[in-house]
Structures are given as structure tokens and as C-alpha cells.
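>>> Build me a model:
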Amino acid sequence: MKKMVIGIASQQAIRARALDIARGDHRPRADEPKVWFTSMRLLAEVLSDDNRALLRVIREQKPESLTQLAEFTGRAPSNLSRTLKTMERYGLVEMQRDLRTVRPVAKASEFVIRAV
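Numbering: from 1, shown residues only. Here you go, the predicted structure:
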């Protein structure tokens with residue numbers, strides 16, 4: 001598993017950076033954040049102790065479905081679904097869809113946080 005670099009900056013700074021990249025004025029380096037949060041509080045909510053434990057279970061147990069993940073964690077499937085959708089939106093989890101199931105895959109095992 002890889003290390004994910006996470007940045008914290010204001011919405012305006014994130015937007016300005018994206019526009020600079022789109023215009024070709026800035027070329028992101030490999031060690032720059034790929035995932036951005038607008039506040040430390042939001043980051044703390046998404047990467048809470050419970051959610052980091054959930055990522056660890058996904059990494060180690062490799063569940064084949066949300067139902068199996070619910071069994072491994074003891075959490076309700078609806079609660080897991082909501083949490084995983086949020087984590088997917090930030091690129092922390094990938095939801096691989098098959099015909100009848102959705103399998104969560106953790107995208108990183110370590111996080112480096114850079115506040116701008």
C-alpha cells in the first residue's frame with residue numbers, strides 16, 4: 001500500500017491552484033498533495049479513529065462486499081455505505097462495482113498531512 005499526501009488549504013487557495021494547473025502555470029510534483037481538505041476539522045472527521053480502523057479492516061481483510069465488511073466491523077450497512085461514499089469522494093477508498101456487489105478497496109495505508 002502507498003502513502004497518500006493530503007493537503008489542507010482554504011477553498012480559494014485550492015481553487016487558485018487548480019486553475020494554475022489547468023492553465024499550465026503550475027505543474028504538480030509527485031510529492032505534492034493529491035487530496036485536499038478545507039479545514040483540519042473536516043480532515044479529522046473523515047480520518048477519525050473509527051474511519052482509520054475501517055480502512056485497516058478493508059486493507060487486511062479484503063472484503064468482497066459491503067455486507068461482508070459490515071460483518072467484519074459490526075457496523076450497519078447503511079452507515080458503512082454513507083461513510084465509504086464520503087471516503088470515496090476524497091479518494092481514500094475505491095468502490096469497485098461488480099454485477100451485484102460493491103467491493104471497497106483502500107487506496108492508502110499511510111497519510112502525510114501538509115497544511116498550507
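>>> residue contacts, residue 86?
Applying CB atoms under 8 Å, 6 or more residues apart in numbering to residue 86 gives the contacts residue 46. For every residue, glycine as well, the C-beta is placed using N, CA and C.
>>> do the same with residue 113
Residue 113 neighbours (CB under 8 Å, 6+ apart): 6, 7, 8, 43.
>>> Could you tell me the model confidence score at it?
For residue 113, the model assigns a pLDDT of 94.
>>> And it, how far from residue 7?
Relative to residue 7, residue 113 is positioned 8 Å away (criterion: CB to CB, to the nearest Å).
>>> follow-up on the earlier one: looking at the contacts of residue 113, which is nearest residue 60?
In terms of CB to CB, no member of these lies closer to residue 60 than residue 6, at 21.6 Å.
>>> Surely that closest one touches residue 36?
Yes. Counting by CB atoms under 8 Å, residue 6 does reach residue 36; the two are 7.4 Å apart.
>>> Nearest residue to the middle of this structure?
residue 92 (1.8 Å; CA atoms, centre = their mean).
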